[in-house]
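Visitor: Got a predicted structure here, sequence first:
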Amino acid sequence: MRYDLHQHLWPERFLEALRARHAPPLLENGDLVTEAGRFPIELATHDVRRRLELMDELETDVAVLSLQTTLGLERLGADEREALEQTWADGVAEVVAQSAGRFLALSPSRAREGFAGISVSSSSLRPDASFLSEAAAQGGFLFVHPGGAGIAEAGRPAWWDWVVGYPAGLQAAYVSWLAQGRARYPTVRILFAMLAGGGPFLLERATHQGLDVRSALDPNTFFEVSTHGRRAIELCIETFGVTQIAYGSDTPVVDPRTTLAAVRGFGDAVVNVLHTETPEALLS
């Protein structure tokens, strides 16, 4: 079985909830509106049949679905956030149940029955977060996704948060996990999106502050490869070992073909680890 650990899909009931809203995040005239701005969105990419056709084309057997935290839900009031996340969870649970095993899902923000793990934003990964004790008790894995960008600063290019903000947030979450989280929750399996924003680049610099980088070589800390190419993936493999790397695509936010081609360029043995062995270890 070949897995993709990082896909997003909005079930119809979640789309209806976004259309009914009058404040970000919302859907309006074919655009997704968040605090960060207004973005055209092709809602057909969230059609289940179309997604399965793409998975077949790319030879992906199982996609693991999560609700992207870049929508900015964490900045909503607690009740408003819970309602939206539960709407997504209820809708995606139906998609998973009807998919004959083609989809699994991660529960947003907290543990829920029937989900393969928990997905959280990079900004919420703190040692006192309740989802960490839930993940430890549940035995599932924790997926750390970039958080919402917030209101864009005037004068910054449109790509700023994508290229700078999201990786910076993941770097901070990764280093925080090394410094404070791992010792407290040694059994939690944690997967950082986007190679933790470039986690390997930080380790040599950290040695100047006395950090023992051997502490970063942790068998329960994993990195997924979405949006990266051969050079970044190769560095991560050389730093952490191939068994700590997993395939994720960030479909439909980006076209998965570029990163998938980079992964396949390493040969069948590496493809088997990233697509099959590591995902199965995380999902077991």
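Guide: Structure's in. What do you need?

Visitor: what stretches of the stretch 1-150 of the chain score poorly on pLDDT?
Guide: 149-150 (pLDDT under 70).

Visitor: Can you show me the strands along it?
Guide: Shown for the stretch 1-150 of the chain, the strands assigned by DSSP state E, counting those that start in this stretch span residues 3-7, 26-28, 31-34, 37-40, 62-65, 103-105, 107-108, 117-121, 141-145.

Visitor: CSV please, covering the ones you listed and showing mean neighbour count.
Guide: C-beta: built from backbone N, CA, C; applies to glycine. Shown next, in CSV, are the strands of the stretch 1-150 of the chain (neighbours: other Cβ atoms under 10 Å):
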stretch, mean neighbour count
strand 3-7, 27
strand 26-28, 16
strand 31-34, 18
strand 37-40, 11
strand 62-65, 25
strand 103-105, 23
strand 107-108, 27
strand 117-121, 26
strand 141-145, 27
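
Visitor: and those strands as JSON lines, adding distance to residue 208?
Guide: What follows is those, written out as JSON lines (distance: least, Cβ to Cβ, whole Å):
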{"stretch": "strand 3-7", "distance to residue 208": "32"}
{"stretch": "strand 26-28", "distance to residue 208": "46"}
{"stretch": "strand 31-34", "distance to residue 208": "38"}
{"stretch": "strand 37-40", "distance to residue 208": "38"}
{"stretch": "strand 62-65", "distance to residue 208": "37"}
{"stretch": "strand 103-105", "distance to residue 208": "41"}
{"stretch": "strand 107-108", "distance to residue 208": "38"}
{"stretch": "strand 117-121", "distance to residue 208": "29"}
{"stretch": "strand 141-145", "distance to residue 208": "25"}
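
Visitor: Quick one: closest of the ones you listed to residue 224.
Guide: Taking Cβ to Cβ, strand 3-7 is the member of those nearest to residue 224, at 5.5 Å.

Visitor: ok and the closest one relative to strand 141-145, angle-wise?
Guide: Comparing the axes of strand 3-7 and strand 141-145 via axes from the mean of the first three to the mean of the last three Cα atoms, to 10 degrees yields an angle of 50 degrees.

Visitor: Which elements pack onto strand 3-7?
Guide: Applying 3 or more Cβ pairs under 8 Å, 6 or more residues apart in numbering; DSSP states H and E, we find strand 3-7 packed against strand 62-65, strand 141-145, helix 278-283.

Visitor: Output it as CSV - backbone C-alpha positions only.
Guide: What follows is strand 3-7, C-alpha atoms only, in CSV (Å, rounded to 0.1, in the frame of the first residue of the first chain):
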residue,chain,number,x,y,z
TYR,A,3,0.2,6.3,1.5
ASP,A,4,0.0,10.1,1.2
LEU,A,5,0.0,11.4,4.8
HIS,A,6,-0.9,15.0,3.9
GLN,A,7,-4.1,15.7,2.0
